[in-house]
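In: Fold the following.
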Amino acid sequence: MRHIPVLFILAALVGCSGRLNTPPVSERPAGTLIPTSATTPVPVAPVATVAAPSPAAQVTRESAPTQPPATPESAPTQPPATPESAPTQPPATPRPLATPAQSESQTASWPPRIALQQIADGFDRPLHIAHASDGSGRLFVVEKVGRIRIVRDGKASPEPFLDITDRVGSRANEQGLLSVAFHPRYRDNGWLFVNYTNNDGDTVVSRFSASGDRADPSSEEVVLTIEQPFANHNGGLVVFGPDGMLYIGMGDGGSAGDPLGAGQDRWMLLGKILRINVETLPYTIPPDNPWADGSGGRQEVWVFGVRNPWRFSFDRATGDLFIADVGQNRLEEVHMLPAGRSAGANLGWNVMEGNECFRRNDCDRSAFDLPIDVYPHSLGCSVTGGHVYRGTAFPALQGVYVFGDFCSGRIWGLRLSAGGWERAELMQTRLQIATFGEDESGELYVAGYNNGVLYRIVVE
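Out: Numbering: from 1, shown residues only. Here you go, the predicted structure:
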């Protein structure tokens, strides 16, 4: 990502310039677990339409922009490669490229025309939208400062569901309470998991217990703590996969260009998507993790070669994994890893940015799982991943991956056609789009970081 205004948030999302205006937290090694009673892993045995409001301030997550959002354009063709200076890491062992998911039958006109229907407002820099899959119909909106609020029947609760502002460090743009994931059996056990940066700037994943409309702040059990060498590129998403495992998105540690080489270093937790079993604490290592035996990399690693996977999601119908990885100077990228074939995937950073070599033009592209879509910074500067629509209210969106850009406010749809993956602009907004979300029935939502409004995405 790039440098950011103090004012703002997450370069986690953004990918504009490349320098950091915050010094390292310390000289400590990056991506190491801080041992606590609950952090040492124990491997298991083999076993109505509203116009988008004007932003309060047009700022990017990593650098203060000097221009307003770009003018809407049609979906661009892939940008040409630009030779850059030599990478620090050689390409990894070649892997087969991801095979596109089976195409949906497309009978409606493409692209569909969408609109935003306001649901609730008054949120303080919303970063994540989730549901508990408990039949309650509630939505949970995560606020950067360290609170989670409930939305029920179109109304936001005045009292927070969880308030941990006392332990959340949110001063830097990409720090704060970044996401929440509800255990698949939440209705029975009341467990929820959050990802936040603490007052030292380190990543903390913790479990809390809840009952009714309140989670107990004193019930925190730390699952893991990961040291952060810089204040940006913290990743921040926690989500349960179809397999019941907890997936954790970790950026490359920050600064620019991956100075630690974390993306391609399988022995670091930074620059990865991790996968752990949290049925008991301390957590355990799923035996089918690619390096579960600890011989070729960290046991927790599931996917590597990512720069800042701010938002990723599983297609609830197919189990395919969609990863939006924030780019550096030129390209934003979206990857799709088919269900059953994502273990050990290498998405290329910092040998590649998007579908092009980073710093030099002779890298071996066949060594990596290439993106299904990239777009240049003329269209935006920080991709925000979304979801494949699997609701029932809008058949024209069925099977479409809906995502956007934090800086330009564009919302796009990606679908698989006879010619491959096809992107179309669905709407131009004035929102700083930090997150999309689903409700229990698969309907889609988006939140404005700049205006604190939660919207439902509808088809006109």
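
In: Work out for me the element Gly452 sits within.
Out: Using DSSP states H and E, Gly452 is not contained in any helix or strand.

In: what's around it, how many residues?
Out: For Gly452, the neighbour count with other Cβ atoms under 10 Å is 19. Bear in mind the C-beta positions are built from the backbone N, C-alpha and C, glycine included.

In: and whichever strand or helix holds Thr225, average pLDDT?
Out: Assigned by DSSP H and E, Thr225 belongs to strand 221-226. For strand 221-226, mean pLDDT is 98.

In: again, but for stretch 119-133
Out: In the prediction, stretch 119-133 has an average pLDDT of 98.

In: Show me what the strand holding Thr225 packs onto, helices and strands only.
Out: strand 203-211 (3 or more Cβ pairs under 8 Å, 6 or more residues apart in numbering; DSSP states H and E).

In: Nearest residue to Pro112 in space, please, no chain neighbours.
Out: In this structure, Pro112 finds its nearest non-sequential neighbour in Ala396, 3.8 Å apart by Cβ to Cβ, 6 or more residues apart in numbering.

In: Kindly apply the preceding question to Gly251 instead.
Out: With sequence-adjacent residues excluded and distances taken as Cβ to Cβ, 6+ apart, Gly251 is closest to His233, at 3.2 Å.

In: what's the neighbour count on that neighbour?
Out: The local packing of His233 (other Cβ under 10 Å) involves 34 other residues.

In: Return the backbone torsion pair for it.
Out: For His233, the backbone dihedrals (degrees, to the nearest 10) come out as phi 60, psi 50.

In: Let's see the pLDDT reported for it.
Out: Note on His233: pLDDT of 97.

In: how close does it sit to Ala256?
Out: Computed as Cβ to Cβ, to the nearest Å, the His233 to Ala256 distance reads 9 Å.

In: then stretch 403-417 to CSV, C-alphas only?
Out: These are the backbone C-alpha positions of stretch 403-417, laid out as CSV (Å, rounded to 0.1, in the frame of the first residue of the first chain):
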residue,chain,number,x,y,z
PHE,A,403,-16.7,-6.3,-5.2
GLY,A,404,-15.5,-2.7,-5.3
ASP,A,405,-12.7,-0.2,-4.8
PHE,A,406,-12.1,1.9,-1.6
CYS,A,407,-10.7,4.9,-3.4
SER,A,408,-12.9,5.3,-6.5
GLY,A,409,-16.2,4.0,-5.0
ARG,A,410,-16.8,1.8,-8.0
ILE,A,411,-18.8,-1.5,-7.6
TRP,A,412,-18.1,-4.2,-10.1
GLY,A,413,-19.5,-7.6,-10.9
LEU,A,414,-17.4,-10.6,-12.2
ARG,A,415,-19.0,-13.5,-13.9
LEU,A,416,-17.7,-16.5,-15.8
SER,A,417,-18.7,-16.4,-19.5
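
In: Buried ones in that stretch, by neighbour count?
Out: The neighbour-count check on stretch 403-417 (16 or more other Cβ atoms under 10 Å) flags 403-416 as buried.

In: circling back: what strands flank the next helix or strand after the strand holding Thr225, and is each parallel or antiparallel?
Out: Going down the chain from strand 221-226, the next helix or strand is strand 238-240, by DSSP H and E. Using DSSP bridges, the strands paired with strand 238-240 are strand 246-250 (antiparallel).

In: Can you pull out the residues in contact with the partner strand?
Out: Strand 246-250 is touched from outside by 31, 181, 193, 195, 203, 205, 223, 226, 234-241, 269-278, 283, 300, 302, 306, 309-312, with contacts defined as Cβ atoms under 8 Å, 6 or more residues apart in numbering.

In: The same query, at a cut-off of 7 Å, please.
Out: Identification of contacts with strand 246-250 by Cβ atoms under 7 Å, 6 or more residues apart in numbering yields 181, 193, 195, 205, 226, 235-241, 269-276, 278, 302, 309, 312.

In: what does stretch 389-399 give?
Out: Residues outside stretch 389-399 that contact it (Cβ under 7 Å, 6+ apart): 104, 108, 112, 316-317, 388, 400, 402, 415, 441-444, 458-459.

In: and stretch 444-453, what's its mean pLDDT?
Out: For stretch 444-453, mean pLDDT is 98.

In: And for the residue nearest to Cys357 when sequence neighbours are not counted, the neighbour number?
Out: Spatial nearest neighbour of Cys357, excluding adjacent residues (Cβ to Cβ, 6+ apart): Cys363 at 4.0 Å. Here the number of neighbours of Cys363 (other Cβ under 10 Å) works out to 21.

In: Could you do the one 4 residues further on as well?
Out: Other residues within reach of Ala367, judged by other Cβ under 10 Å, total 18.

In: now Ala156: how far from Leu274?
Out: Here the criterion is Cβ to Cβ. By it, Ala156 lies 32 Å from Leu274.

In: Same question for Glu422.
Out: Glu422 sits at a distance of 32 Å from Leu274 (criterion: Cβ to Cβ).

In: Also Leu337?
Out: Distance, Leu337 to Leu274, using Cβ to Cβ: 15 Å.

In: The nearest residue to Thr197 once chain neighbours are set aside and Gly169, how far apart?
Out: Distances taken as Cβ to Cβ, 6+ apart put Gln175 closest to Thr197, at 4.0 Å, once the chain neighbours are dropped. For Gln175, the distance to Gly169 equals 5 Å [Cβ to Cβ].

In: Overlap in contacts, those two.
Out: With Cβ under 7 Å, 6+ apart as the test, Gln175 and Gly169 both reach Thr197, Gly201.

In: Give me the more crowded residue out of these two.
Out: The neighbour comparison of Gln175 against Gly169 (other Cβ under 10 Å) goes to Gln175, with 27 against 18.

In: so the helix or strand harbouring Thr384 versus strand 246-250, what angle?
Out: In this assignment (DSSP H and E), Thr384 forms part of strand 383-388. Orientation note: strand 383-388 sits at an angle of 160 degrees relative to strand 246-250 (axes from the mean of the first three to the mean of the last three Cα atoms, to 10 degrees).

In: What lies in contact with the helix or strand following strand 383-388?
Out: Next helix or strand after strand 383-388 toward the C-terminus (DSSP H and E): strand 401-405. Contacts to strand 401-405, defined as Cβ under 7 Å, 6+ apart, come from residues 322, 324, 332, 334, 379-380, 382-389, 410-414, 433, 436, 444, 457.
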